[in-house]
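*Asks:* just coords:
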Ligand code: ADP
């Protein structure tokens with residue numbers, strides 16, 4: 001659906017050349033909710049401008065639905081741009097226009113006939129939950145309502161993709177959640193591809209299927225959200241995992257633990273997942289070793305939260321090795337911290 005291959009964007013300043021985006025490959029399939037996460041200066045805004053066709057890459061190819069954008073003339077590019085909906089951190093609404101009139105604007109630009117426009121506006125008002133607010137001005141709306149107007153406006157011309165640039169960064173946590181719920185709904189109802197650019201890990205965790213982690217213009221890791229954040233390989237990814245680290249227990253004070261002959265301590269690190277609270281029960285059932293939970297509570301982990309569980313195990317060395325392998329096969333990170 002969206003395919004970036006070998007994309008770079010460099011800016012020449014007086015003194016140096018800045019590689020704002022550096023050899024990026026991204027493939028986003030239809031219906032996906034795809035997150036791009038990075039700190040300030042990572043190259044996210046530049047990537048957004050490449051995705052919404054406001055800028056052309058220095059090198060590389062952008063394909064939208066199989067169409068190579070480099071082959072398009074000005075008019076065709078303008079038409080292609082209309083197929084990309086966009087929402088922003090500060091909403092970018094027209095302050096002198098009502099909710100209805102804001103939503104109407106892109107339809108007017110696209111020369112949609114009045115009767116059709118009216119019908120479409122009504123549908124969009126219902127879709128984003130703004131019934132009753134149609135005639136309000138942006139100044140009379142809360143932040144969340146303003147972003148709902150932004151979403152309705154972005155969807156007016158049935159775009160192929162919705163680009164969200166830090167779209168919840170100006171909202172409080174509760175409003176953020178309600179906007180993310182709305183985006184999830186829209187993704188499901190319309191099978192709309194959504195690309196979210198953010199520096200906030202919880203946004204990615206809450207709604208994205210896949211994620212790309214950006215640093216210094218490069219994508220350092222990408223893949224399904226649960227895979228990337230369960231076993232982060234890169235330092236940058238680990239930093240983001242820490243942002244949401246609702247670690248259930250403190251780090252175990254190893255010095256305080258004395259072990260008897262044959263005993264070991266396993267530390268399991270995981271991201272909350274419905275299957276994980278079964279893990280220890282299954283482990284006890286499957287292996288003839290003594291297992292007790294030394295610290296942590298796996299069943300208290302919320303979906304997507306990050307935690308650690310310390311187990312004291314004792315038994316035949318071979319069985320313990322087999323148990324370790326088995327845990328790893330469940331995609332849970334486990335290490336032996338101490339053994340007697
Ligand atoms: P982010 O959105 O992740 O904060 P940006 O894409 O804005 O990152 O910037 C990435 C890098 O490219 C930064 O070092 C920034 O200073 C540089 N950059 C972005 N746009 C320009 C430009 N028009 N001219 C020169 N440097 C730029």
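*Replies:* Thanks, I have it. As the structure is a prediction and not an experimental result, all values here were calculated from the model.

*Asks:* For the rest of this, base every contact and every neighbour count on C-alpha atoms.
*Replies:* Noted.

*Asks:* in stretch 267-278, what counts as buried?
*Replies:* Going by neighbour count (16 or more other C-alpha atoms under 10 Å), the buried part of stretch 267-278 is 267, 268, 269, 270, 271, 272, 273, 276.

*Asks:* same deal with stretch 312-329?
*Replies:* 312, 313, 314, 315, 320, 323, 324, 327.

*Asks:* So which of these are in helices?
*Replies:* Cross-referencing the buried residues of stretch 312-329 against helices under DSSP state H gives 320, 323, 324, 327.

*Asks:* give me the subset of those residues touching the ligand.
*Replies:* Near the ligand, taking C-alpha under 6 Å from any ligand atom as the test, no member of those is found.

*Asks:* Make JSON lines out of the residues you listed and add pLDDT and distance to residue 232.
*Replies:* Formatted as JSON lines, these follow (pLDDT from 0 to 100; distance: C-alpha to C-alpha, whole Å):
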{"residue": "320", "pLDDT": "93", "distance to residue 232": "25"}
{"residue": "323", "pLDDT": "94", "distance to residue 232": "23"}
{"residue": "324", "pLDDT": "93", "distance to residue 232": "19"}
{"residue": "327", "pLDDT": "91", "distance to residue 232": "17"}
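
*Asks:* Now flag whichever of the residues you listed is closest to residue 76.
*Replies:* Using C-alpha to C-alpha, residue 327 comes nearest to residue 76 of these, at 53.5 Å.

*Asks:* can you pull the contacts of the closest one?
*Replies:* 283, 333, 334 (C-alpha atoms under 8 Å, 6 or more residues apart in numbering).

*Asks:* All the helices of the chain, residue numbers only.
*Replies:* Using DSSP H, helices in the chain cover 44-51, 74-81, 99-109, 114-128, 143-155, 173-190, 201-207, 225-230, 235-243, 279-286, 317-329.

*Asks:* tell me the angle the first one makes with helix 74-81.
*Replies:* It stands for helix 44-51. 120 degrees (axes from the mean of the first three to the mean of the last three C-alpha atoms, to 10 degrees).

*Asks:* do helix 44-51 and the ligand meet?
*Replies:* Yes. Counting by C-alpha under 6 Å from any ligand atom, contacts between helix 44-51 and the ligand involve 44, 45, 46.
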